[in-house]
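K.L.:
sequence and predicted structure below; questions after.
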Amino acid sequence: MPKMKTKKALAKRIKITKKKKALRQKAGRRHLLSDKTKKRKRQLKKHGKVSSSDKKMIQKALPYAF
């Protein structure tokens with residue numbers, strides 16, 4: 001049986017914690033930042049958790065991360 005390949009595009013966007021939680025960056029912090037408040041931009045800096053429905057897809061795409 002050959003090794004399974006990791007989806008590198010997804011591996012660059014997702015961080016797996018020690019407790020096997022998947023973290024992602026929040027959307028909306030690339031452009032048009034002058035219209036957004038300081039508070040909103042500050043909250044967009046933080047990482048968000050990946051939803052449980054997406055976690056199954058991530059486990060298939062990153063077979064050696066979990």
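P.N.:
Thanks, I have the structure now.
K.L.:
rest of the way, CA atoms for contacts and neighbours
P.N.:
Fine.
K.L.:
let's see the lengthiest helix in the chain as PDB, backbone CA atoms only.
P.N.:
As assigned by DSSP state H, the longest helix anywhere in the chain is helix 52-61. C-alpha atoms of helix 52-61 as PDB (Å, rounded to 0.1, in the frame of the first residue of the first chain):
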ATOM      1  CA  SER A  52     -16.800  19.900  13.300                       C
ATOM      2  CA  SER A  53     -18.300  19.300   9.900                       C
ATOM      3  CA  ASP A  54     -15.100  20.500   8.200                       C
ATOM      4  CA  LYS A  55     -12.900  18.500  10.600                       C
ATOM      5  CA  LYS A  56     -13.800  15.200   8.800                       C
ATOM      6  CA  MET A  57     -12.600  16.700   5.500                       C
ATOM      7  CA  ILE A  58      -9.400  17.900   7.100                       C
ATOM      8  CA  GLN A  59      -8.700  14.500   8.600                       C
ATOM      9  CA  LYS A  60      -8.800  13.000   5.100                       C
ATOM     10  CA  ALA A  61      -6.700  15.700   3.500                       C
END
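K.L.:
now do that helix, average pLDDT.
P.N.:
For helix 52-61, mean pLDDT rounds to 93.
K.L.:
for that helix, buried residues please.
P.N.:
Using 16 or more other C-alpha atoms under 10 Å as the test for burial, helix 52-61 gives 58, 61.
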